[in-house]
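Trainee: Sequence first, then the predicted structure, then my questions.
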Amino acid sequence: MAPNASSKQPLVVPIIPQTTGAVLLPGVIQRIPVSPNRADIPSLLATVYTRAAAQKSPSGIENIPVACVPLTNDAFGQKSIDDDDYDISQTDRTDIGEYGVRAKITGVDGNGRTGEFALLVRGVSRVKIEKMTQERPFFEAKVEEYTDDVSTNDVALQKMFAQLKLISKELVAVLRISSMIPRPNGALVLSPLIARRLEFFISQRELKDAGYLADFMANLIEASYAEKLQVLAAWDVKDRISKVVKLLERQVGSMKNSVQITTITTTPADAVNPLDELNKLFQRSKVKRPPMLPMPPGMKAPSNLYSDPRNPYLQRPGTPGGEDQELSEMDELEQKLEAAKLPAEAKRVAERELKRLRQMNPQMAEYQTQKTYIETLAEIPWSVVTDDRLGPETLKRARTQLDDDHYGLEKAKKRLLEYLAVLRLKQSVNDEVDGQVKIVEEELESLETREDGTAKEELRPEEKKQKQDCLAKVDVLKKKKMVDKSPILLLVGPPGVGKTSLARSVASALGRKFHRISLGGIRDEAEIRGHRRTYVASLPGLIVQGLKKVGVANPVFLLDEIDKAGSAGHYGDPSAALLEVLDPEQNHSFHDHYISVPIDLSRVLFIATANDMNTIPAPLLDRMEMIYVPGYTTLEKRHIAMRHLIPKQIRVNGMSSDKVAFNMDVVSKIIESYTRESGVRSLEREIGSVCRAKAVEFAEAKDDGQLERYRAQLNVEDIERILGIEKFEEEIAEKTSRPGIVTGLVAYSSGGNGSILFIEVASMPGNGTVQLTGKLGDVLKESVEVALSWVKAHAFALGLTANPGDNVMKERSIHVHCPSGSIPKDGPSSGMAQAVALISLFSDKAVPPTMAMTGEISLRGRITAVGGIKEKLIGALRAGVKTVLLPAQNKKDVKDLPVEVKEGLEIIHVGHVWEAISHIWPDHIFPGMEQDVAGFESRL
Ligand SMILES: Nc1ncnc2c1ncn2[C@@H]1O[C@H](COP(=O)(O)OP(=O)(O)OP(=O)(O)O)[C@@H](O)[C@H]1O
């Protein structure tokens, strides 16, 4: 016996002598035509049927084994026999070959008109004839059965198997290429789909299937009768593989050389062409004839391959032993669509498109586009949702989550919790309504069923009325349900203040999936809405892509940097598309150009972020609820650093708290000398740099075996050594006090940041003109003029002119400049500072540089309220200001200030310019001040 085969018990089986050069191989289904002069087959069949009936076998004759044995020919030292010449009565046992294949008769295919018929047999395993036990009316013999016994540890076999797979795939590849070449009518081509399936089939085979794959491939290729007999006689798997590989190499070589392939099989004309059958099988068209497709070993071959659920090619995913990938692409798509539970409209479209796809030739370029579209439809989470974790514990859990992740931000957290509370309330109302609906529906059901559980045929009049009442009640209750139109939240604040991470915390507190869509720099509406399918390489928009990615219909979407999305331009208006996304009234039927079926976005919780509200189009802003996330004070930053950023960076950089330790001084040093920002992003970066530097130090000390020299605790000197020279110094320290320079305060709308601003006024000989530089807006220019008018009007009272009638601007011009780069400045809030700067210049008295001021000025010198007090004062404190003059009307804003600011700054409220200058220069006597103030007060 061959080393790679094992024998089983001998068994006695009827023999079907194979004529016409056909050779059945194990795992292959073959159609054996039976000519009228073959008397042996009818009697063989009769016996088989009788045996099957005696066994009461449910699968009929399939259970009765037979053996297909080729007749001997020259290759085996005997004669070659043609089908028509074959006469069983003239055949004796010497004409029957030594080797054959145990087979099952899987069907009988008859032609009622001609009386001809064919047997459908499936090869199971190789057999060797031991002894002929009967010759008439049909041959029967005692045979020994052999099955492949493959050792998976056999290295040589592994190599041969790899080679077999390789050359098999090459054959498919060559077939595929040759199919693309135009050929005469009727010539056989291998469809790309089949080729792919075939490739897949080959690559799926494992070492244990080595012999089976060799048989499979031998059946596919062009080979002479003798060569096929040699394959049949190759009991040893290695021997068989080497024979088949040689045949395959020859086939591939000849195909490569010839462009024209008309047929690749030498099977007789009336036998089934395997390629043809493969095409049919894989396309699953409704062909009548069973294919000559090899079945996996041990697999039952059903008589109808196309409908039998045991057919591996038809098995559904998940069924045991099923090769789901073997399903046709169409089936997979259909199943995907089914699983996606599309809403009615989408379903209609999907079915229509699937139908179109079925009619398309897979070689058409459009085929793939069409397929991708249907796949995208199936991948959109139409109905899949994650459970909102909105129970009694929600608010508590959300609070803890927000507090754990963020320091401070009380107002933002409060607003987010309010939002969650509303969401929960809505849901509990809905749950209650659902409960009531259920009770009414149960009532309805009991009304319509008899006691024995069967449905009543007709209702009594009073029952009919009761039913109508119930239906009306259900209607009313359903209307009571709160539609979950989640408001869109907009988090506005400077960069790095935790807007993104707040949104992330909300998502995790709700147990929803989180997805970030970056809108910065989007100019093309199609990026949000997708491209129409008529465009080449069209894709769905960011929203649909996001839905596909998260795979649920109720995620949290963060629309990051909504203020930086472009407005109407060359490529449509992205903000108009956003409007549709964000409007709770519209977003239950969002329209993506690519998908072109309305998509319900109402269950998505949108949270948008922006740095600057001013650039958000008004209609968009109108749809959102704003939550302001202000910048942090140094104190807050210190806490954030100690509690969140340092532990995070220590972890991220592979250190631990016993290897690197920060203290408050170190953190303050980093905040004050290396960062200047409203948020904490740079701070986090710098802390990261320090951790990395310490990691290097630690690793070096460890490598040198000098761990005792390593110091975990950081000090201020370490910071200077690690982070280099200080990046920022106190701005105020740069300035020495000079007449004509005043420190103003600004809150930049871009970035929500506050800072100080120097107003410089210089005087020069001239004719009373005023020059303004420093990127000043119109309102600011006007406030300079108002300030100048007041100073000119009160020049004498201020002691700037000798006589009441003199013009302070006579023979001089002034130049007002607001340095600090290209930052655009506008707004009236520097009016007071302008007036003070002019007075300082004309009177030659400097204003203390640590004093800053903000306030609008009226023509009569009154100081009125301004906005952005918190940012301005935080900025002022950061810049080293000690005293600030604020309008008296802004007293209420001071209450909300962080303690650190209140304690760090002396805040003086003033109502009039006179009041301001009396605080600035307390020792100076202005000649007309008392009279002017008295006059001013009497006019109030
Ligand atoms: N209050 C805070 N407590 C703890 N960590 C914070 C806090 N604020 C910000 N952070 C941290 O600062 C980093 C930057 O925050 P985030 O990315 O959320 O900023 P952002 O406001 O979204 O900025 P941008 O506008 O630039 O997108 C994150 O690592 C975040 O965890």
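Mentor: Sure, I can see it.
Trainee: So what's the residue count around the residue of the stretch 451-600 of the chain found nearest the ligand?
Mentor: Per C-beta to the nearest ligand atom, residue 498 is where the stretch 451-600 of the chain lies closest to the ligand, at 2.7 Å. All C-beta spots, glycine's among them, are computed from the backbone N, C-alpha and C. By other C-beta atoms under 10 Å, 24 other residues sit near residue 498.
Trainee: Need phi/psi at residue 924.
Mentor: When read as degrees, to the nearest 10, the backbone of residue 924 gives phi -90, psi 140.
Trainee: picking that back up, distance of the closest residue to the residue of the stretch 451-600 of the chain closest to the ligand other than its chain neighbours from residue 877?
Mentor: Nearest residue to residue 498 in three dimensions, chain neighbours excluded: residue 406, at 5.5 Å (C-beta to C-beta, 6 or more residues apart in numbering). Residue 406 sits 22 Å away from residue 877, going by C-beta to C-beta, to the nearest Å.
Trainee: Over to residue 337?
Mentor: Using C-beta to C-beta, we find residue 337 at a distance of 61 Å from residue 877.
Trainee: Which residue lies closest in space to residue 586, excluding its sequence neighbours?
Mentor: residue 580 (5.1 Å).
Trainee: I figured that neighbour was touching residue 589, is that so?
Mentor: No - the criterion here is C-beta atoms under 8 Å, and residue 580 misses it with residue 589 at 9.0 Å.
Trainee: Quick check: which element contains residue 489?
Mentor: Applying DSSP states H and E as the criterion places residue 489 in strand 488-492.
Trainee: Tell me the helices and strands packed up against that strand.
Mentor: Secondary-structure packing of strand 488-492 (3 or more C-beta pairs under 8 Å, 6 or more residues apart in numbering; DSSP states H and E): helix 410-448, helix 499-510, strand 605-610, strand 624-628.
Trainee: got the residues of the stretch 251-400 of the chain near the ligand?
Mentor: With the criterion set to C-beta under 6 Å from any ligand atom, the stretch 251-400 of the chain never comes near the ligand.
Trainee: mind listing the helices for the stretch 251-400 of the chain?
Mentor: 274-283, 329-339, 344-359, 365-379, 394-405 (DSSP state H, counting those that start in this stretch).
Trainee: With mean neighbour count and mean pLDDT added, can I get these in JSON lines?
Mentor: Formatted as JSON lines, the helices of the stretch 251-400 of the chain follow (neighbours: other C-beta atoms under 10 Å; pLDDT from 0 to 100):
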{"stretch": "helix 274-283", "mean neighbour count": "20", "mean pLDDT": "47"}
{"stretch": "helix 329-339", "mean neighbour count": "16", "mean pLDDT": "81"}
{"stretch": "helix 344-359", "mean neighbour count": "14", "mean pLDDT": "87"}
{"stretch": "helix 365-379", "mean neighbour count": "17", "mean pLDDT": "85"}
{"stretch": "helix 394-405", "mean neighbour count": "17", "mean pLDDT": "86"}
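Trainee: With distance to residue 234 as new columns, can those be given to me in TSV?
Mentor: Shown next, in TSV, are the helices of the stretch 251-400 of the chain (distance: least, C-beta to C-beta, whole Å):
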stretch	distance to residue 234
helix 274-283	20
helix 329-339	36
helix 344-359	42
helix 365-379	42
helix 394-405	69
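Trainee: circling back: tell me which of residue 580 and residue 589 has more neighbours.
Mentor: Shown here are residue 580 and residue 589; by other C-beta under 10 Å, residue 580 has more neighbours (17 against 13).
Trainee: what's the angle between the helix or strand that contains the more buried one and strand 605-610?
Mentor: Here residue 580 is covered by helix 574-582, with elements defined by DSSP H and E. Using axes from the mean of the first three to the mean of the last three C-alpha atoms, to 10 degrees, the inter-axis angle of helix 574-582 relative to strand 605-610 is 150 degrees.
Trainee: can I have helix 574-582 written out in PDB, keeping just the CAs?
Mentor: Coordinates of each C-alpha in helix 574-582 appear next as PDB, following Å, rounded to 0.1, in the frame of the first residue of the first chain:
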ATOM      1  CA  PRO A 574     -21.300  73.600   3.200                       C
ATOM      2  CA  SER A 575     -23.100  75.500   5.800                       C
ATOM      3  CA  ALA A 576     -26.400  75.000   4.000                       C
ATOM      4  CA  ALA A 577     -25.800  71.300   4.100                       C
ATOM      5  CA  LEU A 578     -25.000  71.500   7.800                       C
ATOM      6  CA  LEU A 579     -28.200  73.300   8.300                       C
ATOM      7  CA  GLU A 580     -30.100  70.300   7.100                       C
ATOM      8  CA  VAL A 581     -28.000  68.100   9.300                       C
ATOM      9  CA  LEU A 582     -28.500  70.200  12.400                       C
END
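Trainee: what does that helix rub up against?
Mentor: Applying C-beta atoms under 8 Å, 6 or more residues apart in numbering, the external contacts of helix 574-582 come out as 488, 519, 522-525, 527-529, 541, 543, 559, 562, 565-568, 586-587, 590-591, 601, 606, 608, 617, 619-620, 623-624.
Trainee: Quick check: phi and psi on residue 798?
Mentor: According to degrees, to the nearest 10, residue 798 has phi -80, psi -10.
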